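**Q** Give me a model of this one.
(one chain, ligands or ions: 2)
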Amino acid sequence: MPPDLHSLDLFERPAQQPIAPGAVLLHGLALAAAPQLLADIAQVTTAAPLRHLVTPGGFRMSVAMSNCGALGWVSDERGYRYSATDPLTGQPWPPMPASFRALAADAASQAGFGAFEPDACLVNRYEPGARLTLHQDRDERDKRQPIVSVSLGLPAIFLFGGPKRNDRPQRLPLVHGDVVVWGGPSRLAYHGVLPLADGEHPLTGPYRFNLTFRRAG
Ligand code: SIN
Ligand code: FE2
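**A** Ligands and ions are numbered 1, 2, ... in the order given. You can find the predicted model right below:
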């Protein structure tokens, strides 16, 4: 059997799957680091507990969130913003673990972006039924910096659209260890997550975790 066919047998998916100009899915990039990432998520969310934020429109978000790093993304009746302190505890967000920083930098560089030093990491926890409606990440100052998004635990369908909300989104299955990076011409692409299906993952039980790294300040 030719070697390329053989490796296709072993690894059905290419390592890097282009999604759109400036956007790529890096299959399994976080797989090796996943146990450490999950241990660090447990530390972070002990200091800054996961909570269901309220949207400016007054709706409770189905995804539970926390943050680490110098800045954390928060939402309440007053709007969306980055905050240096956790409104729940009044304390600074926990520092960004070394495992997080290393993976974010590796992913950005593999996706063709320069040195990436995120100052904000949003920790998202999805339970079955939880979803994220189509939105743009546009609360960050420097839009030349990419977004790095890491999937752990239960699988999900990621929606990746274009610059307009009504651009028909692609549906991308994301599994444990997958990393999506988007920037450049895709930086303001609409994206979201379909309602999580029921399931049980050996490392996360009935949850999907997502880490979203950004340069916010
Ligand atoms: C986000 O858009 O902040 C999260 C995306 C995801 O959970 O994959
Ligand atoms: Fe987002």
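
**Q** residues near residue 201, how many?
**A** For residue 201, the count of nearby residues is 16 (other C-beta atoms under 10 Å). Using the backbone N, CA and C atoms, a C-beta is placed for each residue, glycine as well.

**Q** Correct me if wrong: residue 31 contacts residue 177.
**A** Yes - under the criterion of C-beta atoms under 8 Å, residue 31 lies in contact with residue 177, with a separation of 3.4 Å.

**Q** Name the residue in those two with the higher neighbour count.
**A** Using other C-beta under 10 Å as the criterion, residue 31 and residue 177 rank with residue 177 on top: 19 against 14.

**Q** Next up, the contacts around the more buried one.
**A** Residue 177 makes contacts with 27-31, 34, 151-152, as judged by C-beta atoms under 8 Å, 6 or more residues apart in numbering.

**Q** Show me which helix or strand of this structure is least confident by mean pLDDT.
**A** Sorting the helices and strands of the chain by mean pLDDT, DSSP states H and E puts helix 3-10 at the bottom, at a mean of 51.

**Q** you'd agree residue 200 is up against residue 206?
**A** Yes - taking C-beta under 8 Å as the definition, residue 200 is a contact partner of residue 206 at 6.0 Å.

**Q** list the residues that contact both of these two?
**A** Common neighbours of residue 200 and residue 206 (criterion: C-beta under 8 Å, 6+ apart): residue 154.

**Q** Between those two, which has more neighbouring residues?
**A** Counting neighbours by other C-beta under 10 Å for residue 200 and for residue 206 shows that residue 206 has the greater number, 14 against 10.

**Q** Distance check, that one against residue 127.
**A** For residue 206, the distance to residue 127 (C-beta to C-beta, to the nearest Å) stands at 6 Å.

**Q** anything in contact with each of those two?
**A** The contact sets of residue 206 and residue 127 do not overlap (C-beta under 8 Å, 6+ apart).

**Q** all strands for the chain, in order.
**A** Here the chain has its strands, by DSSP state E, at 16-20, 23-26, 64-68, 72-76, 79-83, 120-126, 132-135, 147-153, 156-160, 170-174, 179-182, 191-193, 208-214.

**Q** which of the contacts of residue 177 are buried?
**A** Buried members of these, counted by 16 or more other C-beta atoms under 10 Å: 27, 29-30, 34, 151-152.

**Q** count of neighbours near the residue in the chain that ligand 1 sits nearest to?
**A** Using C-beta to the nearest ligand atom, the closest approach of the chain to ligand 1 is made by residue 210 at 3.3 Å. Residues contacting residue 210 under the criterion other C-beta under 10 Å number 22.

**Q** swap in residue 49?
**A** Neighbours of residue 49 (other C-beta under 10 Å): 12.

**Q** Look at it and report its pLDDT.
**A** We have a pLDDT of 98 for residue 49.

**Q** Now stretch 81-98: average pLDDT?
**A** Here the average pLDDT along stretch 81-98 is 98.

**Q** end-to-end on it?
**A** Stretch 81-98 has its terminal residues 25 Å apart, counting by C-alpha to C-alpha, to the nearest Å.
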